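>>> test case, fold it:
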Amino acid sequence: MTSTPQAQMPEGRKARPEHLSHVIFIAAAAAMGGFLFGYDSAVINGAVVAIRDRFDVGSEALAQVIAAALIGCAIGAATAGRIADRIGRIRVMQIASVLFTASALGSALPFALWDLAMWRVIGGIAIGMASVIAPAYIAEVSPSAYRGRLASFQQAAIVTGIAISQLVNWGVLNLADGDQRGKVGGLEAWQWMLGIMVIPAVLYGLLSFVIPESPRYLISAGRYDQARKVLRDVEGKDVNLDTRVAEIEQNMRHEVQPSFKDLLGGRFLFLPIVWIGIGLSVFQQLVGINVIFYYSSSLWQSVGINPESSFFYAFETSIVNIIGTVIAMVLVDRIGRKPLALIGSVGMAISLALAAWAFSYKTGVGDQVSLPSLQGTVAILAANSFVLFFALSWGVVVWVLLGEMFPGKIRAAALGVAASAQWLANWLITVTFPTLSDWNLSGAYVIYTVFAVLSIPFILKWVPETKGKALEEMG
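Here you go, the predicted model:
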């Protein structure tokens, strides 16, 4: 084959990393922010009962404290893109690491409910920053042939963080003889649950010092030699570095510093592609996935499962989440983003409908509630089926698409808006679930089922397929 046809192909599409393990390490290190996102999101699950008792608050006030982190997430997501374009992706990771560490320590040692809420907001800002920077950074350092699988590391890290937090909660609870307020080493069990997050938070910061800056940022800063080195390391020795740099630079030459006004256009405020990103983010949350992880232990207790078993079910659900994510990582570059999302939407809709049916048989009030044997079994199976279908589809696909689908001119700003919408939707689901479950637990799941069904036409009509395309082709 002559060199001419190859030269006409985008270099990023042909590229194969010389040392794939190096590229995997870079993506995994960046995805540590996702691990902290998952850990922080789920660790509060083990402390809910103790916090309610310690500060003597009702369900609505408790929901506000739990959801306080999500307000911070929206702030962090909205600002991370602009900060990253000014000081680099790596520096944003390091700032997030400091905020994660401070939040872990502060949340473990609160002196009042508002103090705990404040530290959760700070942790939320870190999560929001990490949720934007990780998919953008991984997309920018990944060869297109591997980009889907490497971008999947973000969701893999999230679900691993969820599972580890459940395991930590279970271990701490056992040390405290099953009492969330039991003393371990001078602190109550729930304080250890929240404080242990300082370990991965510090590790995240340390890892950020040993991974390279994004080549696109380096080129934008005029650091061409460093950009070539990074491109050679991640895309392979056979890639034409000058051509790749010129390709990226040409793409960036048509770009301006992304801002909110760059996202505006058309009859409905934002550009259509931005609305698609917002839609993906919102649907990912409105199906109610985080209800499982924020409230799973208390949810299972509310339908008659004892506390020790409820922690087991919470951890077991996390394992299902990991299995689904691994399936998605295997399939996302093989069958594409849209088919995977459609499979997930159908599976989630069926699972949620079954859960709604099962919970409609709940009897009793307060601590004296239960489900009939058949419906209890269906509820557990449906919950796990829902998590599995979410993990193998929307859990991964949304992060992959958000890192890929936007034109380079608006990528960072659009990702920030989409991620902010995701956190706001997450907040809405989190604060409304206690009220909805008190009103009608089955009704809550009917609402989530409706959103799962609505996501199907949304995917078919509006979501683009990005499989196999170089970032420079996104227009």
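
>>> average pLDDT for stretch 171-186?
Confidence for stretch 171-186, expressed as mean pLDDT, is 83.

>>> buried set for it?
Residues 172, 173, 176, 180, 182, 184 are the ones in stretch 171-186 that count as buried (16 or more other C-beta atoms under 10 Å). Quick note: C-beta positions are derived from backbone N, CA and C, even for glycine.

>>> pick out whichever of those residues sits closest to residue 68.
residue 180 (19.5 Å; C-beta to C-beta).

>>> from residue 172, how far out is the closest residue to residue 223 other than its chain neighbours?
Once flanking residues are discounted, residue 223 sits nearest to residue 213: 8.0 Å by C-beta to C-beta, 6 or more residues apart in numbering. The gap separating residue 213 from residue 172 is 38 Å, by C-beta to C-beta, to the nearest Å.

>>> do the same with residue 104
14 Å.

>>> what does residue 324 give?
26 Å.

>>> identify, from the buried residues of stretch 171-186, the entry nearest to residue 114.
Among the buried residues of stretch 171-186, and counting by C-beta to C-beta, the member closest to residue 114 is residue 180, at 20.8 Å.

>>> name the SS class of the closest one, please.
coil (DSSP: H, G, I helix; E, B strand; the rest coil).

>>> excluding chain neighbours, what is closest to it?
Computed as C-beta to C-beta, 6+ apart, the closest residue to residue 180 that is not its neighbour in sequence is residue 50, at 3.6 Å.

>>> in this structure, which spans are strands?
Ranges of strands in the chain, per DSSP state E, are 183-184, 187-188.

>>> export these to TSV and tack on distance to residue 332?
What follows is the strands of the chain, written out as TSV (distance: least, C-beta to C-beta, whole Å):
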stretch	distance to residue 332
strand 183-184	41
strand 187-188	42
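
>>> nearest to residue 97, out of those?
Per C-beta to C-beta, nearest to residue 97 of the strands of the chain: strand 187-188, 23.3 Å.

>>> that closest one pairs with which strands, and in what direction?
strand 183-184 (antiparallel) (DSSP bridges).

>>> run the chain-centre distance for the strand it pairs with.
32 Å (C-alpha atoms, centre = their mean, to the nearest Å).

>>> for stretch 235-253, same thing?
For stretch 235-253, the distance to the chain centre is 30 Å (C-alpha atoms, centre = their mean).

>>> in that stretch, which residues are buried?
235, 236, 239, 240, 241, 244, 245, 247, 248, 251.

>>> give the burial count for the nearest residue to residue 102 once chain neighbours are set aside, as a bare number.
Of all residues not flanking residue 102 in the chain, residue 122 sits nearest, at 6.0 Å (C-beta to C-beta, 6+ apart). The local packing of residue 122 (other C-beta atoms under 10 Å) involves 21 other residues.

>>> go ahead and confirm residue 122 touches residue 101.
No. Applying C-beta atoms under 8 Å as the test, residue 122 and residue 101 come out as separate, 10.1 Å apart.

>>> what residue ranges in this protein score low on pLDDT?
1-19, 59, 144, 236, 252-268, 293-313, 364-369, 408, 467-475 (pLDDT under 70).

>>> remind me, longest helix of it?
Identified as the longest helix of the chain according to DSSP state H is helix 411-462.

>>> hmm, back to that, now render the buried residues of stretch 171-186 as TSV, adding distance to residue 456.
Conversion of the buried residues of stretch 171-186 to TSV gives the following (distance: C-beta to C-beta, whole Å):
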residue	distance to residue 456
172	41
173	40
176	45
180	40
182	47
184	47
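
>>> closest to residue 439 among those?
residue 180 (26.4 Å).

>>> dihedrals phi and psi, that closest one?
phi -60, psi -20 (degrees, to the nearest 10).

>>> report the contact partners of the residue lying closest to residue 430 once chain neighbours are set aside.
Closest residue to residue 430 apart from its sequence neighbours, by C-beta to C-beta, 6+ apart: residue 67 at 4.2 Å. By C-beta atoms under 8 Å, 6 or more residues apart in numbering, the contact list for residue 67 reads 427, 430, 431.

>>> the first one against residue 77, yeah?
No. Under the criterion of C-beta under 8 Å, residue 427 is not in contact with residue 77, lying 11.8 Å apart.

>>> so between those two, which is more surrounded?
More crowded of residue 427 and residue 77, by other C-beta under 10 Å: residue 77, with 29 against 23.

>>> spit out the contact partners of the more buried one.
Contacts of residue 77 by C-beta under 8 Å, 6+ apart are 128, 129, 131, 132, 416, 419, 420, 422, 423.

>>> which of those residues sit farthest apart?
129 and 422 (13.5 Å).

>>> compare these two (neighbour count), which wins?
Per other C-beta under 10 Å, whichever of residue 129 and residue 422 has more neighbours is residue 129, with 31 against 27.

>>> you'd agree that one is up against residue 78?
No. In this structure residue 129 lies outside contact range of residue 78 using C-beta under 8 Å: 9.8 Å.

>>> re earlier: mind listing which of the buried residues of stretch 235-253 are in helices?
Those of the buried residues of stretch 235-253 lying in helices (DSSP H): 235, 241, 244, 245, 247, 248, 251.

>>> and of these, the nearest to residue 92?
Nearest member of these to residue 92, counting by C-beta to C-beta, is residue 248, at 19.9 Å.
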